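Chemist: curious how this folds, go ahead:
(one chain, ligands or ions: 1)
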Amino acid sequence: MDSATNKPEQEKPEERLAKLLYEALKSYLEPKQIEEVERAYRFAAEAHIDQYRVSGERYICHPLSVALVLTEIRMDQAGIVAALLHDVLEDTPVTKEMLADEFGENIAELVDGVSKLSHIQFRSKAEAQAESMRKMFLAMASDLRVIMIKLADRLHNMRTLGVMKPVKQRRIADETLGIYAPLANRLGMNNIRLELEDLGFKARYPVRRRVLEEAVKRARGNRKELVSKIEIGIKTRLINAGIECRVVGREKHLYSIYRKMINRRVNFSEVFDVYAFRIITDRVDSCYRALGAVHNLYSPIPGKFKDYIALSKANGYQSLHTILKGPHGVPIEIQIRTKEMHGVAETGIAAHWLYKSTGKETQVRAHEWLRNLLDSHEESGDSMEFIENLKVDLTPKEIYLFSPKGDIIKVPMGSTAVDFAYAVHTDIGNRCVAAKVNKRVVPLNTRLKNGDAVEIITASWARPNPAWLNYVSSIKARTGIRTYLKNFKEKEAIELGEKLLEKELNVLGKTYDEISGERIIGLLEELGLPSLDALLGEIGLGNRMALLTARRLTHKEGDEGIKLESGKDRDTESPLVIRGTEGMVVNLANCCKPIPGDPIIGLFNPGKGVVVHHQGCRNVAESKKNNRNWLEVAWASKTEGQFVVEIRVEVLNQRGALAAIASAISAVDSNIENITMDDHDGHTSTDFIRLAVADRLHLSKVMRKLRALPAILKIVRVMS
Ligand code: MN
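Modeler: I've put the predicted structure just below:
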């Protein structure tokens, strides 16, 4: 369109919408604030410049319409600005940083919050899943304006749904009925909820809706007379009592009739044959007087009176509810409230913006409400009833996460990837090695946030690490890890004990099979042990020596005492083969940190099993002197995993020295686990570097690489 022609009849739709928006804002915002809104509009229009809606309109019409919806609940300036910008992060090259520069951190956060909600996909119709989704939405939006913008966004998309393909219409309608309408309901935003429900119903079940609409029309015709008779009766009684008020008939909405019929399995007339009226007064005391008057007109049904004025609901809803027995016994539902109370009932949480816009207080109040909502149980069909089941507890205790299949997994606040893994399945927990959060690889101890998509990477050889117990939050993970470790340690101890006993028997020229059952039972009785496994476990844990046990099992009748076979040459024994990942009963010593390829030896550590040391370790020499309880061990020809080793390097203090070391180490596929530095005299420093390597060969590669660096003066492996 030519910019020179700006006659009114050629006004572009976006210009018309912008005018409507400014007009609406004038009633409650300062001119300065409206200028800021205009600036946001121009920014958004520029960002969406080449984009069009499926309907053919310019894209900017959508954010303008969303902002316009929000003026109905008198959304504040920041909320309106964020509404205008709500799709720029999603659909244009604009970044969050740019928004922060242009409009401030606060607006950038709001827009980012709305974009995050857009990423969540509704994938299942299951009721429990929908409930989790709603809670997740609430939990993710730390600022309630984010939810309100999202609701307005959805409302406008529903109003313009007709241009979409039928399949897409149905999916969006499902989402609207499952997530958005109940959310609006929870926030007490009744007007938005009703429209979302009606549009959703129309798109999802067009035929059922039409049938129901016809039925309602017919029924309404039939009962017209009775309705007006009751209405006139009530009005007259109230006027006679001198009460200033308005009486309106309440029509049940099509979707809520439909849902009641489905949920309660009742027929149309049972749902529809309730006569409902609302009495709106000017003052609180008039409410009670009106109650007295209608109770006088028709007799109340006992137990149905509820006083939500004296004891308002958690979201501020106030009304008197009562049910009367009308002519011919028809039930009459009555709600009585003041005009202000009515405002809260219609717009819910938004009413806080209407009446109290003093910044901090509003936020505090809204947050409190949000927390209440998070902990509430599923609501029933009635618009406000959910509050009745409210558990008042002010901290959300759970977060909601996505599995790769789109299932929602609930874990306690503060949970890590390990908790998530156990929440999915104990086997996944027991085998997890790493995790991806939102497609990025992260350490297992990463704390998760609401809405994260988590994928657990498992390996067949992996097993729980006792260190996990330091950071898991869920009982399920804790129990899973403990149970595994306990069983595993027992099993491993028995296996090790069996190997050790067999070795010693072989040295004595016997095999396991040659020992008679009676012999074994006799020894078990003597030692007071319940089973052979218990004996083997004791050996494996180092509480009992394999050599002595073997002798007791093989010595002949009358052969008193134990002869020490001093001539036994231990070098001819076949060593116990270890892979290094045994973990519980066979441990690698922390002092000398042996790695595959090192000459090694095992020392028994009673109650704990075998600790594998480097043969050159100082602790080995000590133990050998005082204690002969040691064991030949050898590395398996193939070992798995990474082994931690420590090196000491003396480094010239020059710029970039540490970076050069780090990149040299990673260049040969090793990882730095930790560095501690000791600064001597300003010229040189001694660094202790802990590395993960596959074996000795790998370590020598690392050391060669480091030696080649000009800054390195000296480098040695640390072994104590
Ligand atoms: Mn949008």
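
Chemist: does Ala462 touch Arg431 like I think?
Modeler: Yes - using Cβ atoms under 8 Å, Ala462 is in contact with Arg431, at 4.9 Å. From N, CA and C alone the C-beta is placed, and that goes for glycine too.

Chemist: and those two? Which one has more around it.
Modeler: Arg431 (18 against 15; other Cβ atoms under 10 Å).

Chemist: so what's Asn605 bridging to?
Modeler: Per DSSP bridges, the residues bridged to Asn605 are Gly609.

Chemist: run a quick neighbour tally on it.
Modeler: Counted with other Cβ under 10 Å, Asn605 comes out at 15.

Chemist: helices or strands next to the longest helix seen in the chain in the packing?
Modeler: Using DSSP state H to define each element, the chain has its longest helix at helix 206-240. Packing partners of helix 206-240 (3 or more Cβ pairs under 8 Å, 6 or more residues apart in numbering; DSSP states H and E): strand 245-250, helix 254-264, helix 268-272, strand 275-281, helix 284-297.

Chemist: show the average pLDDT along that helix.
Modeler: Mean pLDDT, helix 206-240: 88.

Chemist: again, but for stretch 179-188
Modeler: Mean pLDDT, stretch 179-188: 81.

Chemist: list the buried ones in stretch 701-709?
Modeler: 701-703, 705-706, 709 (16 or more other Cβ atoms under 10 Å).

Chemist: and what of stretch 257-265?
Modeler: Neighbour-count burial for stretch 257-265 [16+ other Cβ under 10 Å]: 257-261.

Chemist: just give me the closest of the residues you listed to the ion.
Modeler: Within the buried residues of stretch 257-265, the smallest distance to the ion is 27.1 Å, found for Arg259 (Cβ to the ion).

Chemist: list the buried ones in stretch 472-485?
Modeler: Neighbour-count burial for stretch 472-485 flags 472-474, 476-478, 480-481, 485 (criterion: 16+ other Cβ under 10 Å).

Chemist: now tell me what touches stretch 94-108 from outside.
Modeler: 40, 43, 47, 78, 81-82, 85, 88-89, 111-112 (Cβ atoms under 8 Å, 6 or more residues apart in numbering).

Chemist: helix or strand for Arg717, which one?
Modeler: Using DSSP states H and E, Arg717 sits within strand 712-718.

Chemist: residues in contact with the closest residue to the ion within the stretch 1-150 of the chain?
Modeler: Nearest residue of the stretch 1-150 of the chain to the ion, counting by Cβ to the ion: Asp87, 4.5 Å away. Counting by Cβ under 8 Å, 6+ apart, Asp87 touches 44, 48, 59, 62-63.

Chemist: if we can go back for a sec, the strand holding Arg717 pairs with which strands?
Modeler: With DSSP bridges as the test, strand 712-718 is paired with strand 643-652 (antiparallel).

Chemist: can you mark which positions in the partner strand are buried?
Modeler: Buried residues in strand 643-652, counted by 16+ other Cβ under 10 Å: 643, 645-647, 649-651.

Chemist: near the ion, which residues of this protein?
Modeler: Residues of the chain lying near the ion by Cβ under 5 Å from the ion: 87, 153.

Chemist: so what are the structural domains in the chain, by residue number?
Modeler: 13-204, 207-358, 483-635, 643-718 (automatic domain parsing).

Chemist: so Ile332 belongs to a strand, correct?
Modeler: Yes - counting by DSSP: H, G, I helix; E, B strand; the rest coil, Ile332 is part of a strand.

Chemist: sorry, back to before: and the residue of the stretch 1-150 of the chain closest to the ion, how far from Tyr22?
Modeler: Distance of Asp87 to Tyr22, computed by Cβ to Cβ, to the nearest Å: 20 Å.

Chemist: what does Glu11 give?
Modeler: Relative to Tyr22, and taking Cβ to Cβ, Glu11 is found at 14 Å.

Chemist: who's in contact with the residue nearest to Lys638 when sequence neighbours are not counted?
Modeler: Once flanking residues are discounted, Lys638 sits nearest to Arg579: 7.6 Å by Cβ to Cβ, 6 or more residues apart in numbering. Neighbouring residues of Arg579 by Cβ under 8 Å, 6+ apart: 635-636, 638-640.

Chemist: what's the local residue count around Ala692?
Modeler: Counted with other Cβ under 10 Å, Ala692 comes out at 17.

Chemist: list the contacts for it?
Modeler: If you count contacts by Cβ under 8 Å, 6+ apart, Ala692 has them with 642-645, 670-671, 673.

Chemist: rerun that using 6 Å as the cut-off
Modeler: Counting by Cβ atoms under 6 Å, 6 or more residues apart in numbering, Ala692 makes contact with 642, 644, 671, 673.

Chemist: now Lys410
Modeler: Applying Cβ under 6 Å, 6+ apart, we find Lys410 in contact with 398, 400.

Chemist: that's a strand at it, yeah?
Modeler: Yes - under three-state DSSP, Lys410 sits within a strand.

Chemist: and whichever strand or helix holds Ala664, what's its mean pLDDT?
Modeler: In the assignment (DSSP H and E), Ala664 maps to helix 657-667. Averaging pLDDT along helix 657-667 yields 82.

Chemist: and the contacts of the next helix or strand after it?
Modeler: Scanning forward in sequence from helix 657-667 by DSSP H and E, the next helix or strand is strand 671-679. Here strand 671-679 makes contact (Cβ under 6 Å, 6+ apart) with 644, 665, 685-690, 692.

Chemist: with just CA atoms, put the following helix or strand past strand 671-679 into PDB.
Modeler: Using DSSP H and E, the helix or strand that follows strand 671-679 in sequence is strand 684-693. These are the backbone C-alpha positions of strand 684-693, laid out as PDB (Å, rounded to 0.1, in the frame of the first residue of the first chain):
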ATOM      1  CA  THR A 684      57.300 -20.400  39.500                       C
ATOM      2  CA  SER A 685      54.500 -22.400  41.000                       C
ATOM      3  CA  THR A 686      53.800 -26.000  41.800                       C
ATOM      4  CA  ASP A 687      50.500 -27.300  40.500                       C
ATOM      5  CA  PHE A 688      48.900 -30.500  41.500                       C
ATOM      6  CA  ILE A 689      46.700 -31.700  38.700                       C
ATOM      7  CA  ARG A 690      44.200 -34.600  38.900                       C
ATOM      8  CA  LEU A 691      43.500 -36.200  35.600                       C
ATOM      9  CA  ALA A 692      41.400 -39.000  34.200                       C
ATOM     10  CA  VAL A 693      43.200 -41.400  32.000                       C
END
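
Chemist: can you tell me which residues contact Ala83?
Modeler: Contact analysis of Ala83 by Cβ under 6 Å, 6+ apart lists 66-67, 70, 149.

Chemist: which of the buried residues of stretch 701-709 fall in helices?
Modeler: 701-703, 705-706.
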